Each structure stands twice: as structure tokens, then as C-alpha cells.
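Peer 1: what follows is a protein structure lacking sequence information:
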């Protein structure tokens, strides 16, 4: 997937992660590969349970040791496999080189420390600076993330800030050590729309100003469209499609992506009169199934889909680096029946839609 | 629906003449105060039979409080709520009961609104039991019918809520809300907690039910994208006030209030090329504290139109009234241009 000459920063390949739970083994991530170039923003799109957060946390080895198991794969960063690195190396990487920002800043921030102390702590963890310089840097960071009156607000506690402002504080912590990569896990999901717009502008601005690479995790295709250069669509722990952002939205290549695009409410353009949902229920990660994981909900499926899982392969009719996991879109003996499908007009087999609905009606 | 209902209705709730163009709900000057906070401040609108009003605002706008005050779950501090021609604001609970049957609510988080220790069939049948409707067998039949109505197989009635996904749990909550065959439904962000692919399922289900049951509805949402698919009318709230109220078509074709424009512009568009080229109105700052709202127009501290107009004094001094309702497009702004 080398589209241009920028050096590769983060190279994840063949990553599989499972969890031991009371309900049995959960196959959270299966054979996931992705890479991030310097200064690039990539997005992982998927619904809850798609494995996107687990994958990203595994990069920093932040998964619960008692239950999570990395079954295979490697995470290359600066030539080292982080999955094999010792704890000292990981401490050096976390925050300093790769930073993580979460959805819920209230849970991530310490309620009994002022935000000034918390940002200072993050700086001091990786850099030895005299006290006044740390303070200067904290003020600089708070100003950079758009907190007005930064000098005065150093002494504020997290609860004194609004949700949007807390998210800004967390972003300030994330960028405090000039990381090469920011992992942003649903950072705007809990926010109001106008505040979400502010935070997205801020992230875009920071990414270009500091040339930080970003891995953006979101369930919102709209957010992704405006932020990322490349998108990975995840379903049931697998990448089912990946392409450059323009290519993905112009030529989405498999039924799950089609379904996502059709179910997004739109404000403008030739919006369909009615939303077209993806029928059926989200996949159950405790049940292993053969075949394509999306096939129980796919209105375009054929027999082969339930029998064997398709590989993630080049989509034949699109640009380089556009990969798709779908029998219908692959030129193989039993496949290829969706190569000429117009996803906007052809919604699949109505009989299958009915069938999927009635099997969902008996519960998950 | 089943006969037991028809009978129940006639006996319990006085019902106005079924004139389709008539307003089922008329809200005027509705206010709700919590201590010094004016959560809902002098709000008014009407909902006709079979009509859906999309009530949109961000957190702190008072949209949920307004919904609850209409159903008399949160008592209004002032104002009038006329349901089917009868004033229900401040009505004693006993008298309110027949109206409660006709007005139902569904919530954002279906899992926390369903009793985890009850079977699905009990959850859905409970309102029937409370109101002593039908025999046990009739109620069972009705529950099966309701499950089918919301796209679930009647056989799932024996299970418990935790055995369902979020979208299915929301279907169960909807079935429960429909058990008493209501005329009016307040849906408070019913899809916000659901996965994207499931949201569309629930929106379509509500659309279907609204049509088959001729329901009137208030659909509360925090953004303007989804309400476009389900509403006939849109009301936008900011800090307890309605700032714009219009028919759907007029609203989306020409949003008048600068806050509505900002809300529309904040919705991310799933089209990278549009995202790159469209000019976005990004509001500065946060929603002010509702405890101490700005003087004059409550939006003036963040208003891009006011900035463009060189900060006229009137915005900070005088509260704009919601005008133009007769034209089908009302707005509360000193400078909005039609």
C-alpha cells in the first residue's frame, strides 16, 4: 500500500486479538493490517463491537492483561515491534511518541487535580524542565487548543469545564509531548454538534500545524469524510474495505459500506426520501461462524458467502490500494456477481431483505 | 387495533371530534424553572393529529424538559398545555390518568428504561394490567400483536431485556409505549444511543407506526439531520427558547435563525469533496450557563450574524420575539432576513 513517498510511521499487520469472557472467547480483532504515514490521518470506521477501539489500544498495549490475548500480528513503530517491546520502551512510547485521546474526558482526567497539574504531569513524565518552563508550556498548550484565559484556568478542576472544554484539555495532554501519532478514539462522540465541529476543526488544525499523524476512530462517516486521507471500514473485528477517503466515498465497494452510506441521514443533495437501514442485528463476537461475517445481514449474499470467508483483496474496478472483502466483488470462479452493481439503485434482493428481517425478529 | 382498546378509550378518556386538521396538542407560554434556572422559557407550538414535530437543540437547550413538561412528568411552572382541547397543565394526577394513557414517551437508552428483572411480555403487558384492560388471554394476544408491530417475533416475549441488542431493546420500549394505543408520543432522542446501521431501522419503524396508528409525535433530537426524515415541522431551541419554528420544507430550504444555520452547518456531511469546499459556520465558545443566560437575545454572545452586523446593541438589550408564525415560518431574531 505504498501510494507515495512519505515514510511509514506505524505499520500494523496481521493483528488478531481475543478476550476470555464469561460468555466464552470473544474474537475482537481478526488479522487486521493498517499503516500510517508521517503526518497522515487515517480513520477506522465501525460500529460498537467492530474491534476498532481494541485494535487501537493494543498499539499502546493498554488492553487488560488478565483477559486480552494478542493471538498474532505485529505493530511496527520506528522499526520496533511494540508488541514485543519491554515495559520501559512502552513508557517511552506512550504519550511521548504515540498519544491516546478518549471519548470520555471526565473518565480520563483526574477529578482531584487541577488541569494545570495534569498537563504538567504529562510533560514532566517525558521531559525534565524547570518549573517555570513547564508552566509556560502548559499555558501555551491550553492556548493552542483554544481555551480562553489559559493563565487563569490552570487552577481549575476538570468539573469546572464544559464537556467541550474538557475534551480540549485532554487534547492538550495528548499533544503535550509532541507525539508523532495521536490515537483519537471517538473524541467527539459525546459532544454536541456545534462543539463537535469546533473540536474537529481544532484537530485538523493541530495535525497540519504540528504535522502529527492521526488515527481517528469514529462511527460517523460524516466525521471521517472531513478528516481522513484513508479509511478502514471494520465489521466484526475485520477490515472489510479500505481505500483513500475520496475513493471510498466515490466508489464504495462492498455491501456493508453501501449499507452504512445509505443509512446516514443527509441534510442536502439528492438525499433519498427514506433511510435505507442495514437489516438484522449486529454480529455476536462470541459466536464464531464460517463464511463472511456480514453475510447474515447482506441482501446480496449467495451460497458461497456462508461457506468461506472472503479475503481482503484489491477491488478490480477501482484505484490502487482499494481493498475489499466480498465474494461478490472479486473476480474468482464463484464470485464477481456484484461487479456491475449500482449500490444506489440496487438495494439487493427484496426476498433476502425479508428473510433477514424475520430472522432478526426472533432475537439476537 | 383490538377491540378492548376501543372500549377502553370511550370509557376513560373524553375525546374531541376527530377533525384531522385540528391540533391535538397546543402548548403556549410553557415555562419550567428549576430554582433559578429557566430551563424552558415561554415556549409555544402546536401539533396536529398525525403530525410530527422535530424538537431540536443541544444539551442545555431545554428540549427534553419541554417534552417532559408536556406530558406532565415534570410539572410546568407556568403556561398552558391543551391536549385534545383540554387543559392538562397542573391537572391533578387522578384526573390526568385517562390522558396519561393517550400520551406516551420513549427514551434514549432503552436498556435503562426497561426493567431488567421482567420478561419482555410482562414489560409490554404491564400498562394494560395497570389500566385493567382485557382478560389475561386478551392481554397476551395484544402483547403478541405489539411485538409483531415493532418487528419482533412474538416468541421473544419469554426473554429478558439483556438478551437483546440495543436496537431490539428500543423496539421493545416502543411496543410498550404503544400498548395503550396512544394518540401522542414523545420520543426523546430514541436513536442517539444506537449504532448507525440500527438508527435507520428505528427511524423507519417510527415512521411506519406513525402512519399506521395515525400518531402525533414530538421527536426530540440533538442534530438536524435525522429529524428531516421523520418530522413535518421543526422547532429549534436554544437556552430554553424556541428560536425558529417552521414547516420542514421551508426550514431546510431556508433556515432563518443564525443558530439554526450554525446547527445545520455543524452536521458533518458524508462526502469528502463537499466537506473540503463547504464553508462552515463554527460557533465560538460554549453554550452559556442556563443559570445566568445572556441578556437580550440569548444567542447574542455566540452569534455570527451579530458579529457581521458589527455588534448592534439591540441584540444584547432586547429579547427578540418569535414572529411570523402565520406564514408557517417563525423566527426570533432582530436581523434574520427572510
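Peer 2: Great, that's in hand. None of these values were measured; they are calculated from a predicted model.
Peer 1: make sure residue B:262 is indeed in a helix.
Peer 2: Yes. Checked against DSSP: H, G, I helix; E, B strand; the rest coil, residue B:262 lies within a helix.
Peer 1: tell me, how many residues neighbour the residue lying closest to residue A:74 once chain neighbours are set aside?
Peer 2: Spatially, and ignoring its direct neighbours in sequence, residue A:74 is nearest to residue A:81 (4.5 Å; C-beta to C-beta, 6 or more residues apart in numbering or on different chains). Glycine gets a C-beta too; all of them are placed from N, C-alpha and C. Close neighbours of residue A:81, defined as other C-beta atoms under 10 Å in any protein chain shown, add up to 12.
Peer 1: and the pLDDT at residue A:81?
Peer 2: Note for residue A:81: predicted pLDDT of 96.
Peer 1: residue B:187 - that's part of a helix, no?
Peer 2: No. Read with three-state DSSP, residue B:187 is strand and lies in no helix.
Peer 1: isn't it right up against residue B:226?
Peer 2: No. Using C-beta atoms under 8 Å, residue B:187 makes no contact with residue B:226, being 11.0 Å away.
Peer 1: for the residue nearest to residue A:74, what are phi and psi?
Peer 2: For residue A:81, the backbone dihedrals (degrees, to the nearest 10) come out as phi -90, psi 110.
Peer 1: and the helix or strand hosting residue A:164, what's buried?
Peer 2: In this assignment (DSSP states H and E), residue A:164 forms part of helix A:163-175. By neighbour count on 16 or more other C-beta atoms under 10 Å in any protein chain shown, the buried set for helix A:163-175 is A:163-175.
Peer 1: after that helix, which helix or strand is next?
Peer 2: strand A:181-185.
Peer 1: mind checking how far that following strand is from the chain centre?
Peer 2: 9 Å (C-alpha atoms, centre = their mean, to the nearest Å).
Peer 1: near chain B, anything from that strand?
Peer 2: No. Judged by C-beta under 8 Å from any C-beta of the partner chain, strand A:181-185 stays clear of chain B, getting no closer than 14.6 Å.
Peer 1: what does stretch A:256-266 give?
Peer 2: Yes. Under the criterion of C-beta under 8 Å from any C-beta, chain B is reached by stretch A:256-266 at A:259, A:260, A:261, A:262, A:263, A:264, A:265, A:266.
Peer 1: who's in contact with that stretch?
Peer 2: The contact list for stretch A:256-266 (C-beta atoms under 8 Å, 6 or more residues apart in numbering or on different chains) reads A:45, A:221-222, A:233, A:235, A:240-241, A:248-249, A:252, A:272, A:275-278, A:294, A:297-298, A:343-344, A:347, B:196-197, B:199-200, B:203, B:225-226, B:228-229, B:269-270.
Peer 1: run the last query once more with 7 Å
Peer 2: Contacting residues not belonging to stretch A:256-266 are listed as A:221-222, A:233, A:235, A:240-241, A:252, A:275-278, A:294, A:343, B:196-197, B:199-200, B:225-226, B:228-229, B:270 [C-beta atoms under 7 Å, 6 or more residues apart in numbering or on different chains].
Peer 1: would you confirm that residue B:298 contacts residue B:239?
Peer 2: Yes. The criterion here is C-beta atoms under 7 Å, and residue B:298 meets it with residue B:239 at 4.3 Å.
Peer 1: what residues are up against residue B:228?
Peer 2: A:265, A:267, B:248, B:252.
Peer 1: what about the third one, neighbour count?
Peer 2: So the one you mean is residue B:248. Residue B:248, neighbours per other C-beta under 10 Å, totals 18.
Peer 1: residues touching it, list them.
Peer 2: The neighbourhood of residue B:248, defined by C-beta under 7 Å, 6+ apart, consists of B:228, B:231, B:232, B:233, B:234.
Peer 1: quick check: the first one is in a strand.
Peer 2: This means residue B:228. No. Applying three-state DSSP, one finds residue B:228 to be helix, outside a strand.
Peer 1: skipping adjacent residues, who's closest to the residue of the stretch 1-150 of chain A found nearest chain B in space?
Peer 2: Evaluated by C-beta to the nearest C-beta, the stretch 1-150 of chain A has residue A:47 as its residue closest to chain B, separated by 4.1 Å. Ranked by C-beta to C-beta, 6+ apart and with sequence neighbours excluded, the top spatial neighbour of residue A:47 is residue B:195, at 4.1 Å.
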